[in-house]
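Enquirer: Kindly generate the corresponding structure for this input.
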Amino acid sequence: MRKPVEVEVVNTTKGTVLGSQVRVANSALARMVGLLRHSGLDRGTGLLIEPSSGVHTIGMRFPIDVVALDRNRCVRGVWEALAPFRLAALSFRTRSVIELPAGTIRESRTEVHDQLAIRN
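Expert: This is a model prediction of the structure:
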C-alpha cells in the first residue's frame with residue numbers, strides 16, 4: 001500500500017475548514033477498508049475517498065458526516081451523523097466522498113452547492 005497522504009479540506013464558499021489532516025484513500029485497498037479499523041475520528045481528521053460514487057457504514061462503530069463532491073469539488077450532498085449500517089452519496093455525479101467526524105458539516109456550515117478546495 002502507498003504511503004498515506006494528508007490534505008486540508010477547505011470550504012471556499014464559507015471560508016471554513018472541514019479538516020486539516022484528512023487522509024487520502026489513494027489505493028484500492030485503502031478505499032475498500034476506509035475507516036473500518038477506526039473506533040472514532042478526531043476533530044480535523046477524516047478520509048477523502050477518490051474516486052467514489054458513494055459510501056457505506058456497514059461494519060463501522062461510530063457515526064460520521066459525509067460530503068459528496070462532483071468532479072469540480074462542488075458539494076452534491078451532505079449527510080450528518082450517518083449511523084453505522086447505512087448507505088450515502090450514491091450518484092453518478094459523485095466523484096469523491098469525504099468522511100468526517102460527526103458534527104463537522106454543521107460546524108463548517110457546509111451545504112449543497114458550496115465549493116471545496118483540497119490543499120496539500
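Enquirer: Point out where this structure drops to low pLDDT.
Expert: Residue ranges of the chain with pLDDT under 70: 1-3, 31-36.
Enquirer: Point to the residue nearest the middle of it.
Expert: By C-alpha atoms, centre = their mean, the chain has its centre lying nearest to I98, at 1.1 Å.
Enquirer: Output the contacting helices and strands for the longest strand seen in the chain.
Expert: Taking DSSP state E as the criterion, the chain has its longest strand at strand 16-25. Applying 3 or more C-beta pairs under 8 Å, 6 or more residues apart in numbering; DSSP states H and E, one finds that strand 16-25 makes contact with strand 5-11, strand 45-49, strand 96-101, helix 104-108. Any C-beta I mention is one placed from the backbone N, CA and C, and that applies to glycine too.
Enquirer: so how far is the helix or strand just after the second one off the chain centroid?
Expert: When you say that, I think you mean strand 45-49. Sequence order places strand 55-56 as the next helix or strand after strand 45-49, per DSSP states H and E. Offset of strand 55-56 from its chain centre (C-alpha atoms, centre = their mean, to the nearest Å): 10 Å.
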